[in-house]
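[1] Fold the following.
(chains A and B)
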Amino acid sequence: MTRTVPRPVAPQAPAVPAAGLRATARIVARAGHGGTSRSNGAESGGGTSRLPVLEGGGPFALRRVQSHADQARVCLVGAMSAPLGGDRLRIEATAEAGASLRITAAAATVALPGRTGELATYDVHLTVGDGARLEWLPEPLISAEGSDLRMTTTIDLAPTARLVFREEQILGRSGEHTGALRSRLTVRQAGRVLLDQETAYGPGAPGWDTSAVLGGHRAVGQFLVAGPEFTDRPAEVRLLGGAAGDGAAQGVLAPLAGPAALATVVAPDGLSLRRLLDQAAAG
Amino acid sequence: MSERSERAIQRCALSECEAERSVGAPPVEDWGSVGMSRAALLVLADGRFPAGGHAHSGGAEPAVAAGHIKDAATLETFCRGRLHTAGLVAAGLAAAAAAGLDPLLLDDAADARTPVPALRQVARRLGRQMMRAARATWPSAALDALAAARPRGAHQPVVLGLAARSAGLTPLDAAYAVAYENISGPATAVVRLLSLDPFDATAVLARLTDDLEQVAEQATEAAHRAVTEGLGALPAASAPLLDIAAEAHAAWPVRLFAS
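    A predicted model of the protein is given here:
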């Protein structure tokens, strides 16, 4: 949709035989000076988190943006159209103990068909240390007709880590059918699995376009907040949006079995999806 | 039919699926046919097995209220979606429990795959009722241990899988029982909710048998992989509307079914 820079042919080493692209972006945030020196309070006091590792690559251009209080901020900018079929993309982001990091994106990511019909993979791995906070707030993933993408998101949280995570999937660009989109989200906290979910939409995913799963909606998203404050005070269940059956966006915010709250929303389009997810986030 | 020829047919059918999925997982046919007591499966999967399932619609009541289920055709669509998501997850947990994986870890895995509290509570309530019925029917030390460790109830598919194991059934048998119950519950409920002709409701179930076989085999294959790869290999298919509707339904002041 918005990644207009033409895909350069020469500079990318064609590492895989299928002519797909292999790229990994790495981001590490470290607590600012004074933040980690105290034995008891990794998150106390210190300055703005630093970014000792900020490596883009392939379609990922990483831009450091204006920090906010102690929070380092990074924006993902699409440098080329990706993922295409055959691509192998990966992002690894870590907020070390006591650090604060927010990652956003400049535009939506569009999964497109490749030349060979091979599927693309896109793996995101987030690690959040004790007393650290990571906000992962990208723009939606749009599954274009004919594309085939397998996405995994794996999140490892230390016992006192805080996470704010948003995921939005749009099934097909305007007026087209969706591609095949399979996505697994696994969140571990202190080694225990807090949330394990797989979504499978589009061609080859039986039952996805039914009243038990999406009920005709073409946008689906989640907003997850995790942190030790939920241990003693679990979130209260809150219904979001319109009544069932009227075709409007609807969702629910509910506590997980562990210290986290998850909002799940289905909507006719990306705009109403975001509106409801924002409502969930506003608390 | 001899057990040998039955196996050959199973293997044949499986190799076709394997080719399509190209997972490279170990074959599961042996898990499906070493069972000592296939007849126990009829007892376990019987709708009259006293495990409390009749009080639950499996999300059909809110789907009827929302106008999603109006007749046999829309019931079939709903059941197909439920079977390939919630049904697959439950069947995987049951197959893994029947295969002897740690039921307490499976109970945690079930929690991680159930993001709304209404459905976690329902699964545990049904698990407790299943536990009472199973301990009376096929008593075993494993069932006693799980009952002691989860006095308020473990997730129902885990209990059912362990009951299947106590009854000498296979992981594939357990997966079939859970997958079938996953759609027979809503179908029976819709007969009451819509006064749908019971013949039509049963015909819906019959039309879903291919899907049912696919789900049971997929679940068993995943349980087989979970033995070596860990519980992350178990299915985790999500159904957003079932989750959302379950919480909305739990807040209704008056309802015919508990879920």
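[2] all contacts plus neighbour counts: C-alpha atoms, from now on.
    Will do.
[3] where does the stretch 51-200 of chain B come near chain A, residue by residue?
    By C-alpha under 8 Å from any C-alpha of the partner chain, the residues of the stretch 51-200 of chain B that approach chain A are B:63, B:66-68, B:77-85, B:108-109, B:111-117.
[4] How about the contacts made by residue 89?
    Using chain A here. Residue A:89 makes contact with A:21-24, A:83, A:120-123, according to C-alpha atoms under 8 Å, 6 or more residues apart in numbering or on different chains.
[5] please go with chain B instead
    Contacts of residue B:89 by C-alpha under 8 Å, 6+ apart are B:113, B:219, B:234-237.
[6] What ranges does chain B have for its strands?
    Remark: strands of chain B are absent; assignment by DSSP state E.
[7] Let's see which of the residues of the stretch 51-200 of chain B next to chain A end up in helices.
    Counting by DSSP state H, these place B:63, B:77-82, B:108-109, B:111-112, B:117 in helices.
[8] Make CSV out of the residues you listed and add neighbour count and pLDDT.
    Converted to CSV, these look like this (neighbours: other C-alpha atoms under 10 Å in any protein chain shown; pLDDT from 0 to 100):
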residue, neighbour count, pLDDT
B:63, 28, 96
B:77, 21, 98
B:78, 27, 98
B:79, 30, 98
B:80, 27, 98
B:81, 25, 98
B:82, 30, 98
B:108, 19, 98
B:109, 23, 98
B:111, 25, 98
B:112, 24, 98
B:117, 19, 98
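[9] Would you point out the most distant pair within those residues?
    The two members of these with the most space between them (C-alpha to C-alpha) are B:77 and B:108, at 30.1 Å.
[10] Buried residues of the longest helix belonging to chain B, list them for me.
    As assigned by DSSP H, the longest helix anywhere in chain B is helix B:171-194. Within helix B:171-194, the residues that qualify as buried are B:171-191, B:193, counting by 16 or more other C-alpha atoms under 10 Å in any protein chain shown.
[11] same thing with stretch B:62-74?
    Under the neighbour-count criterion of 16+ other C-alpha under 10 Å, stretch B:62-74 has B:62-64, B:66, B:68-72, B:74 buried.
[12] Chain B: helices as residue ranges?
    B:3-21, B:29-33, B:39-45, B:60-65, B:72-82, B:88-98, B:103-112, B:117-137, B:141-149, B:156-166, B:171-194, B:198-207, B:209-229, B:240-250.
[13] Just name the most buried of those helices.
    Among the helices of chain B, ranked by average contacts under mean count of other C-alpha atoms under 10 Å in any protein chain shown, first place goes to helix B:88-98 (a mean of 34).
[14] So what angle separates the directions of that one and helix B:209-229?
    50 degrees (axes from the mean of the first three to the mean of the last three C-alpha atoms, to 10 degrees).
[15] so who does residue 223 touch?
    Defaulting to chain A. Going by C-alpha under 8 Å, 6+ apart, residue A:223 touches A:164-167, A:262-264, A:277, A:280-281.
[16] My question was about chain B, not that one.
    Contacts for residue B:223 were tallied using C-alpha under 8 Å, 6+ apart; they are B:92-93, B:95-96, B:99, B:233-234.
[17] Go through those and say which is closest to chain A.
    Nearest to chain A among these is residue B:234, at 9.8 Å by C-alpha to the nearest C-alpha.
[18] excluding its backbone neighbours, what's nearest that closest one?
    residue B:222 (5.3 Å; C-alpha to C-alpha, 6 or more residues apart in numbering or on different chains).
[19] What does the pLDDT read for the one you found?
    On pLDDT, residue B:222 comes in at 98.
[20] ok, now how distant is it from residue A:63?
    Per C-alpha to C-alpha, to the nearest Å, residue B:222 is found 41 Å from residue A:63.
[21] if I look at residue A:252, how far off is residue A:223?
    Taken as C-alpha to C-alpha, the span from residue A:252 to residue A:223 is 10 Å.
[22] intersection of neighbour lists for those two?
    Counting by C-alpha under 8 Å, 6+ apart, the common neighbours of residue A:252 and residue A:223 are A:263-264.
[23] about what we covered before: what is the longest helix of chain B packed up against?
    helix B:29-33, helix B:39-45, helix B:60-65, helix B:72-82, helix B:88-98, helix B:156-166, helix B:198-207, helix B:209-229 (3 or more C-alpha pairs under 8 Å, 6 or more residues apart in numbering or on different chains; DSSP states H and E).
[24] How far does the last one sit from its chain's centre?
    Using C-alpha atoms, centre = their mean, to the nearest Å, we find the averaged C-alpha position of helix B:209-229 to lie 11 Å away from the chain's own average C-alpha position.
[25] Same check on the second one?
    Centroid displacement of helix B:39-45 relative to its chain, using C-alpha atoms, centre = their mean, is 14 Å.
[26] tell me what it is packed against?
    If you count contacts as 3+ C-alpha pairs under 8 Å, 6+ apart, helix B:39-45 packs onto helix B:171-194.
[27] how about stretch A:258-278, does it reach chain B?
    Yes: residues of stretch A:258-278 contacting chain B under C-alpha under 8 Å from any C-alpha: A:262, A:264-266.
[28] Would you map the strands across the stretch 51-200 of chain A?
    Applying DSSP state E, counting those that start in this stretch to the stretch 51-200 of chain A gives strands spanning A:60-68, A:71-78, A:88-95, A:100-105, A:109-111, A:120-128, A:133-137, A:141-143, A:148-157, A:162-171, A:180-189, A:192-201.
[29] Spatially central residue in chain A, please.
    By C-alpha atoms, centre = their mean, chain A has its centre lying nearest to residue A:167, at 4.7 Å.
[30] quick one: that one and residue A:74, what's the gap?
    Residue A:167 is 17 Å from residue A:74, by C-alpha to C-alpha.
[31] One more: residue B:233?
    In terms of C-alpha to C-alpha, residue B:233 sits 33 Å off from residue A:74.
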